[in-house]
Each structure stands twice: as C-alpha cells, then as structure tokens.
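In: just the structure for this:
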Amino acid sequence: MNSEFTIAVHSLVYLAYLPERMASSEMIADNVGTHSVRVRKIMSGLRRSGLVDTREGSGGGYRLTTDPEAVTLADIYRIMAQGSLIPSWCSGDPEMDCVVGSNMNQVMYGIFCKAEKHLETYFHAITLQDVLQQIKDCE
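Out: Numbers count the residues shown, from 1 in each chain. Just a heads-up that it's a prediction; the model follows:
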C-alpha cells in the first residue's frame, strides 16, 4: 500500500468535514502533516477522476465535488494505489530447473492479485462519510 492512498483519503475526508468543502493545498497539507507540493500532486489525480475540482484565485483551493456517501475507499484505491500490493520484485526464476524456483513468481503473483481483490471488496463497503463518522465518534 502506498502513502498516496492514505493522503488522498485524509484529504477527501477533510474536505467533506469542512462546511464549504473547500480548502487550499496548504490547509490540506497542514492537516495531513505533509508538504503542500505532495498534496497538489495527489489532488491532481483526484481532480482528473472528478472527485475534486479547483478554484483559482483568492479564496481558491480544492473542493469536493461528490457526495461523501457515494465515494468508497475502493474508488480511491483504484485511482491512487491499484496494483500496489503486488511487489515489484518476486523471488524465483522461471528458467530455473527447480519446481519451486521456476513457479514461485507466478504463484505469488496470483496470491497477491487475490489479496488485492479482497482488499477492494472490503474497501467497497466503506465510504468517505463512514470514515468521517468514525473520526467524529472519536470526540
């Protein structure tokens, strides 16, 4: 799992929490605890997917364009992190003269693909509003 997913969820929940659902990248970065350049990069991907919009000029920033009850963590995962559970390197070599070494990569790839499907199914049941409500319940 990559940190972009976590930053995206945090940013979107923060926007859902705000009364006008609008915040600058500096406000979001301060709330997330990261640099505003990183936030802008992540928000750019969310903008391309239609989850946020931007407003230029004084008082501008990012605005949540969707209902927090309609956006699931699976939606955000697919935008920001799909495939991130699958390691970039896997042990073994298909050319090896060993049944374990020659098949490990293929078998592990299948295992990670199934794990990702399970994760997406789990994330599909959690909306931004659910996350926001859990946060409010902490008060």
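In: drop to CA atoms for contacts and neighbour counts, all remaining ones
Out: Will do.
In: show me what the longest helix along the chain packs onto, helices and strands only.
Out: Scanning the chain for the longest helix, with DSSP state H as the assignment, gives helix 99-124. Helices and strands touching helix 99-124, by 3 or more C-alpha pairs under 8 Å, 6 or more residues apart in numbering; DSSP states H and E, are helix 73-80.
In: residue 53 contacts residue 60, correct?
Out: No: with contact defined as C-alpha atoms under 8 Å, residue 53 does not count as touching residue 60 (10.3 Å).
In: comparing these two, which residue is more hemmed in?
Out: residue 53 (18 against 13; other C-alpha atoms under 10 Å).
In: and that one, that's in a helix?
Out: No: checked against DSSP: H, G, I helix; E, B strand; the rest coil, residue 53 lies outside a helix; its state is strand.
In: list the contacts for it?
Out: 47, 62, 63, 64, 65 (C-alpha atoms under 8 Å, 6 or more residues apart in numbering).
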